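>>> build me a model from this:
(one chain, ligands or ions: 1)
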Amino acid sequence: MLYHSTSNHQNTARLEQVVIKGLAPDGGLYVPDSLPHLPKAFLRNMSAMTLQEMAYAIAAYTLNSDVPADVLHDIVFDTFNFPIPLISTSRGNYVLELFHGPTMAFKDVGTRFMARLLDYYRTRHPEWPTLNVLVPTSGDTGSAVANSFLGLPGVHVYVLYPRDTINRIQRAQFATLGHNVTAVEVNGTFDDCKNLVERAFKDDELNSVMRLTSATSINYARLVPQMLYYFWAYIQLEKMHVDARNLVFAVPCSNLGNLTSGLMAQRMGLPVKRFISVENQNNIFYNYVKTGLFTPKPTQYSIAPALDAGCPTNFDRIIELLGSHDNVCRHIHAYSYNDDQIIETIQHTYHDERYLLDPHTAVAYRALGEDLQPGETGIVLATAHPAKLKNLMEDIIGESIALPDQLALFLDGKINVTKMSNGFTAFKRLLLDNA
Ligand SMILES: *Cc1c(COP(=O)(O)O)cnc(C)c1O
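Got it, this is the predicted structure:
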């Protein structure tokens, strides 16, 4: 299978290059030339499978020409080694809990898969120099990437985070790891962190002496495993004998990677009636759906920090998948909520339904309630465990919440960070010193 760049379809690459480079050299995003269509019988046969078996069956169908079967089997089984339960709510909707992995956010799935795949390619190329993975983060991406790549030989991870706006638990999840993970505290904003990384990718001198890559959702390897849990949701409904003919997914969106994966699953034959994209006040995609104009803006901080994106990176993939603004509107209903609405939704849902939504999941939960029509089955993707933002959640509901052991362990670790200004020269020197 070949992959082409969204900027120029003539620029193609094989999966190995796609995973190593992240962004295409022409600045576009890689997409597969085609996605296989799963026969109906294939979907029906999956209802007796476990999560890992199902994930492998579909991954093998998608990537069979790219990765040997036994290797892919190990990668998939290692990625999906935690439960992804589908919870039914008292409103008759469903919540797919994607947050039971190592850092308790859905990005564990994509980053783990990417790390394992990259490791496979690296072992086939012992001559490769160290691969430096650069990740700007407002919280969740840095922790998921760092934990997925921790200890991998031949890979070094730099996590750049804004000094003043990171939450303590999230910082502990990457800044205590050490080994091949360097936590870089930037005296600046999240946009500054993003700009530093983007400049590094474009810097000729850096790229001539060291190998740099990205592990954000511009990397196609993150999107493949994320398709699989949409199928898992469907299969679980079938197992529960729930009518899944008019299926609607509500997705909390930032860089639109998760939504892109859902659209890919639909293209492969998953019967989805509609997606609901839900943003916080950084509502660039919402504005696109309403007006047809895609206008990036500076990022605004919110209480759902993983949704703070002023320029959703996967936009071009969505346009390539759906073709036109009209078609986007047919497949996707868009919503956007501010902090007050997020707080209100968490409080109501907790008091009325005894379900604690984290701020990211809350936007999707609210939108589903507003958008779902009679006769439709709605699923909310729950992307983070509420305890990841423990203090905020306690303020919102006025009760204390327990910290899962998994998160508490990180807080016991010793924080070790490299402090830096927001200037590119400082960042470049740091990278060169470690090269
Ligand atoms: C990253 C993230 C999102 C947004 O996902 P995208 O693929 O960037 O749209 C939503 N919720 C949480 C908790 C996240 O960490």
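>>> give the contact list for residue 394.
Taking CB atoms under 8 Å, 6 or more residues apart in numbering as the criterion, residue 394 is in contact with 400, 401. Just so you know, the C-beta spots here come from the backbone N, C-alpha and C atoms, and that holds for glycine as well.
>>> show me the shaky parts of the stretch 301-435 of the chain.
The stretch 301-435 of the chain contains no residues with pLDDT under 70.
>>> the residue in the stretch 101-250 of the chain that the ligand sits nearest to and residue 258, how far apart?
For the stretch 101-250 of the chain, the residue closest to the ligand is residue 140, as judged by CB to the nearest ligand atom, at 3.2 Å. Residue 140 is 12 Å from residue 258, where distance means CB to CB, to the nearest Å.
>>> what about the two, which has more around it?
Higher neighbour count among residue 140 and residue 258: residue 258, with 29 against 26, using other CB atoms under 10 Å.
>>> C-terminal to the host helix or strand of the more buried one, what's the next element?
Assigned by DSSP states H and E, residue 258 belongs to helix 257-267. Going down the chain from helix 257-267, the next helix or strand is strand 274-279, by DSSP H and E.
>>> residues contacting that next one, please?
Taking contacts as CB under 8 Å, 6+ apart, the residues outside strand 274-279 that touch it are 248-254, 256, 259, 262-263, 266, 285-286, 289, 307, 331-337, 363-364, 366-368, 371.
>>> same thing but 6 Å
Strand 274-279 is contacted from outside by 248-253, 259, 262, 285-286, 332-336, 363-364, 367, 371, using CB atoms under 6 Å, 6 or more residues apart in numbering.
>>> what strands line up against that strand, and which way round?
strand 247-252 (parallel), strand 332-336 (parallel) (DSSP bridges).
>>> how many residues are close by residue 178?
Neighbour tally, residue 178, other CB under 10 Å: 12.
>>> pLDDT of the longest strand along the chain, averaged?
Using DSSP state E, we find that the single longest strand of the chain is strand 155-162. The average pLDDT within strand 155-162 is 96.
>>> what is that strand packed up against?
On a contact count with 3 or more CB pairs under 6 Å, 6 or more residues apart in numbering; DSSP states H and E, strand 155-162 meets strand 131-136, helix 140-149, strand 181-186, helix 190-202.
>>> from the middle of its chain, how far away would the second one be?
Relative to the mean C-alpha coordinate of its chain, helix 140-149 is positioned 11 Å out (CA atoms, centre = their mean, to the nearest Å).
>>> what's the angle from that helix to helix 190-202?
Put simply, helix 140-149 runs at 50 degrees to helix 190-202, going by axes from the mean of the first three to the mean of the last three CA atoms, to 10 degrees.
>>> how about the first one?
Strand 131-136 runs at 150 degrees relative to helix 190-202, counting by the same axes, to 10 degrees.
>>> just checking: what are the partner strands of strand 131-136?
Partners of strand 131-136 in the sheet, by DSSP bridges, are strand 155-162 (parallel), strand 211-214 (parallel).
>>> nearest to residue 302, of those strands?
strand 155-162 (13.6 Å; CB to CB).
>>> can I get the CA coordinates of that closest one in PDB?
Extracted as PDB, the C-alpha positions of strand 155-162 are listed here (Å, rounded to 0.1, in the frame of the first residue of the first chain):
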ATOM      1  CA  VAL A 155      14.600   6.900  20.600                       C
ATOM      2  CA  HIS A 156      14.800  10.100  22.600                       C
ATOM      3  CA  VAL A 157      11.600  12.000  23.600                       C
ATOM      4  CA  TYR A 158      11.500  15.800  24.300                       C
ATOM      5  CA  VAL A 159       8.200  16.900  25.900                       C
ATOM      6  CA  LEU A 160       7.800  20.700  25.700                       C
ATOM      7  CA  TYR A 161       5.100  22.100  28.100                       C
ATOM      8  CA  PRO A 162       4.100  25.600  29.100                       C
END
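>>> who touches it?
Contacts with strand 155-162, where a contact means CB under 6 Å, 6+ apart, come from 130-137, 142, 146, 149, 174, 180-184, 186, 189-190, 193.
>>> can you do 8 Å?
By CB under 8 Å, 6+ apart, the residues outside strand 155-162 that reach it are 115, 118-119, 122, 130-139, 142, 145-146, 149-150, 171, 174-175, 180-186, 188-190, 192-193, 196-197, 215, 427, 431, 434.
>>> kindly report the same for stretch 338-356.
The contact list for stretch 338-356 (CB under 8 Å, 6+ apart) reads 87, 89-91, 95, 280-281, 302-304, 337, 357, 359, 362-363, 365-366, 386, 393, 396-397, 401.
>>> from those residues, list just the buried residues.
89, 95, 280-281, 302-304, 337, 357, 359, 362-363, 365-366, 386, 393, 396-397 (16 or more other CB atoms under 10 Å).
>>> from these, which ones fall inside strands?
Using DSSP E, the subset of the buried ones among the contacts of stretch 338-356 located in strands is residue 95.
>>> which ones are touching the most centrally placed residue in the chain?
Nearest residue to the geometric centre of the chain (CA atoms, centre = their mean): residue 107, 4.3 Å. Applying CB under 8 Å, 6+ apart to residue 107 gives the contacts 140, 141, 144, 145, 222.
>>> how about residue 142?
Residue 142 neighbours (CB under 8 Å, 6+ apart): 135, 136, 159, 160, 161, 170, 173, 174, 183.
>>> what's the closest non-adjacent residue to it?
residue 159 (3.9 Å; CB to CB, 6 or more residues apart in numbering).
>>> A strand includes residue 419, no?
Yes - assessed with DSSP: H, G, I helix; E, B strand; the rest coil, residue 419 lies in a strand.
>>> so who does it touch?
Contacts of residue 419 (CB under 8 Å, 6+ apart): 163, 185, 187.
>>> if we go to 10 Å?
163, 183, 184, 185, 186, 187, 426 (CB atoms under 10 Å, 6 or more residues apart in numbering).
>>> can you give me the distance of the fifth one to residue 175?
With distances taken as CB to CB, residue 186 is found 13 Å from residue 175.
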